[in-house]
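J.: Just the structure for this:
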Amino acid sequence: EVQLVESGGGVVQTGESLRLSCAAAGFRFDDYNIGWFRQAPEKEREGISCITSGSAATYYADSVKGRFTISRDDANDTVYLQMNNLKPEDTAVYYCNAERFWPREDYWGQGTQVTVSS
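T.: As a prediction, the model looks like this:
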């Protein structure tokens, strides 16, 4: 059974940090690019960071660049998102996504809530 399970969300104050984890099971994790997305109330889901298979490259949205760091541990099929200097506008449900281009496969986790109070 394919699983992506996010954890690490919570309620923090402005300027504090959180580390999100995304634990995978049921597929060949090494072959997949892993992305973090977020969706705030009444807003569309947006991609905020991605790490490619083999950690060859990382990408960040401008809104989180310099504050968030993505990493992966292929030995333990887990991806992390270190979030520093959190702001109220970072409040959202955070999802991880595993994507393989060929053969095409795409999996989503159930999300974890991050709330940043001012």
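
J.: What confidence value was assigned to the residue nearest to L18 when sequence neighbours are not counted?
T.: Once flanking residues are discounted, L18 sits nearest to M83: 4.9 Å by C-beta to C-beta, 6 or more residues apart in numbering. For every residue, glycine as well, the C-beta is placed using N, CA and C. Reading off the confidence values, M83 has pLDDT 98.

J.: Output the below-cut-off pLDDT ranges for the chain.
T.: Applying pLDDT under 70 to the chain flags no residue at all.

J.: Please, which helix or strand holds the spatially most central residue of it?
T.: In the chain, the residue lying closest to the centroid (C-alpha atoms, centre = their mean) is W36, at 2.8 Å. W36 belongs to strand 33-39 when assigned by DSSP states H and E.

J.: Next, the buried residues of that strand.
T.: Residues of strand 33-39 classed as buried by neighbour count (16 or more other C-beta atoms under 10 Å): N33, I34, G35, W36, F37, R38.

J.: next helix or strand past that strand?
T.: Later in the chain than strand 33-39, the nearest helix or strand by DSSP H and E is strand 46-51.

J.: okay, now T58: neighbour count?
T.: 13 (other C-beta atoms under 10 Å).

J.: Test my guess that it contacts G35.
T.: No: T58 sits out of contact with G35 when judged by C-beta atoms under 8 Å, with a separation of 10.4 Å.

J.: Spell out which residues are contacts of both of the two.
T.: S49, C50, I51 (C-beta atoms under 8 Å, 6 or more residues apart in numbering).

J.: Pick the one among these closest to L20.
T.: For the shared contacts of T58 and G35, the closest approach to L20 (C-beta to C-beta) belongs to S49, at 10.2 Å.

J.: distance of that closest one from F68?
T.: 6 Å (C-beta to C-beta, to the nearest Å).

J.: repeat for Y60
T.: Distance from Y60 to F68, counting by C-beta to C-beta: 6 Å.
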